[in-house]
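> got a sequence here, can you model it:
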Amino acid sequence: MKIKEILKLADFFTIGNLIFGVLSIFYAILGLFTYAAIFLLIAVLFDFLDGKIARMSKKATEQGKQFGKQLDSLADIVSFGVAPAVFGFAAGLQEWWQIVILLFLSQRPMRKRRWLLSSRPALKPGRQVLLSRA
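Numbering: from 1, shown residues only. Sure thing, here's the model as predicted:
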């Protein structure tokens, strides 16, 4: 399978979401919270756009759709799980109750990941799959 048969336009927006989520993490670690927040908002915009474009696009193969779902899940974990937690910790949210709130908020992408893994079709006999725990 060629890569251009798997990647679709929405996947490029998902990759943009992932890139801006990582940039938000880097800038939060550096203490530049304004830039980190701006990058996080851009990641939200890219996440919104990739969902809209994926729903409008009907050209993707089944393998391309599965790739897009997994890529979107990874981008969501980074942008909406890890980045806000790093942002909060770097901003000084280090009391026990603040950490509990950050952990609670970071569970949304984990629940989505679990849902994606549980809703996939049954595997054909003889097919091996390596699953990683997120």
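
> what's the local residue count around residue 49?
Per other CB atoms under 10 Å, the neighbour tally for residue 49 reads 17. All C-beta spots, glycine's among them, are computed from the backbone N, C-alpha and C.

> do you have the helices of this protein handy? List them.
3-6, 9-29, 33-56, 62-77, 83-90, 96-105, 107-118 (DSSP state H).

> just the angle between the longest one and helix 83-90, please?
When you say that, I think you mean helix 33-56. 170 degrees (axes from the mean of the first three to the mean of the last three CA atoms, to 10 degrees).

> so where is this structure shaky, pLDDT-wise?
1-7, 58-60, 101-103, 105-134 (pLDDT under 70).

> could you redo the last one with a cut-off of 50?
123, 126-134 (pLDDT under 50).

> quick one: end-to-end distance for stretch 89-99.
8 Å (CA to CA, to the nearest Å).

> in it, what's buried?
For stretch 89-99, a neighbour-count test (16 or more other CB atoms under 10 Å) marks residue 90 as buried.

> same thing with stretch 53-68?
Here stretch 53-68 shows 53-54, 60, 64, 67-68 as buried, counting by 16+ other CB under 10 Å.

> make CSV from the residues you listed and add distance to residue 96 to it.
Shown next, in CSV, are those (distance: CB to CB, whole Å):
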residue, distance to residue 96
53, 42
54, 40
60, 45
64, 44
67, 40
68, 39
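
> for the residues you listed, which one is nearest residue 76?
Proximity of the buried residues of stretch 53-68 to residue 76 was ranked by CB to CB; the top entry is residue 68 with 12.3 Å.

> and the gap between the closest one and residue 48?
If you measure residue 68 against residue 48 using CB to CB, to the nearest Å, the figure is 15 Å.

> check residue 38 too.
16 Å.

> between the two, which one's more packed in?
residue 38 (15 against 12).
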